[in-house]
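Participant: Structure here, sequence nowhere to be found:
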């Protein structure tokens, strides 16, 4: 998954997320996350408001993506696909693990 998509997904999960937490989740530096957030804001995919020491991010769900590989998709559609992909990735190992346990039990 591209870095911008991972950052966007982290913000979608928690609009008040700290840059430090996004960096840890996405395995990026805080500097890289700050740059990506700035790019997303410049491109109109994201905006933020400052409340004290906290940023609250707002994703523009109807904004159409420009990258040729994602042409025609809205931000909301992309995030939906990312959630679906993450769900499938995290459920597969558990299913495979159950098969291994069942195979061991029959021996």
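Facilitator: Arrived safely. Note that the structure is a prediction, hence the values are computed from the model and not measured.

Participant: can you pull the buried residues of the strand or helix carrying residue 32?
Facilitator: Here residue 32 sits within helix 30-42, counting by DSSP states H and E. Under the neighbour-count criterion of 16 or more other C-beta atoms under 10 Å, helix 30-42 has 32, 33, 36, 37, 40 buried. (C-beta placed from N, C-alpha, C; glycine too.)

Participant: From the contact counts, what lies against that helix?
Facilitator: Other helices and strands packing on helix 30-42, by 3 or more C-beta pairs under 8 Å, 6 or more residues apart in numbering; DSSP states H and E, are helix 3-13, helix 19-26, strand 46-51.

Participant: Of the ones you listed, which is nearest residue 83?
Facilitator: Ranking the helices and strands packed on helix 30-42 by proximity to residue 83 (C-beta to C-beta) places helix 3-13 first, at 7.7 Å.

Participant: got the buried residues for the closest one?
Facilitator: Neighbour counts over helix 3-13 (16+ other C-beta under 10 Å) mark 4, 5, 6, 7, 8, 9, 10, 11, 12 as buried.

Participant: which helices and strands does that helix pack with?
Facilitator: helix 19-26, helix 30-42, strand 54-59, helix 75-105.

Participant: and with 10 Å instead?
Facilitator: helix 19-26, helix 30-42, strand 46-51, strand 54-59, helix 75-105 (3 or more C-beta pairs under 10 Å, 6 or more residues apart in numbering; DSSP states H and E).

Participant: Off-centre distance for that helix?
Facilitator: 3 Å (C-alpha atoms, centre = their mean, to the nearest Å).
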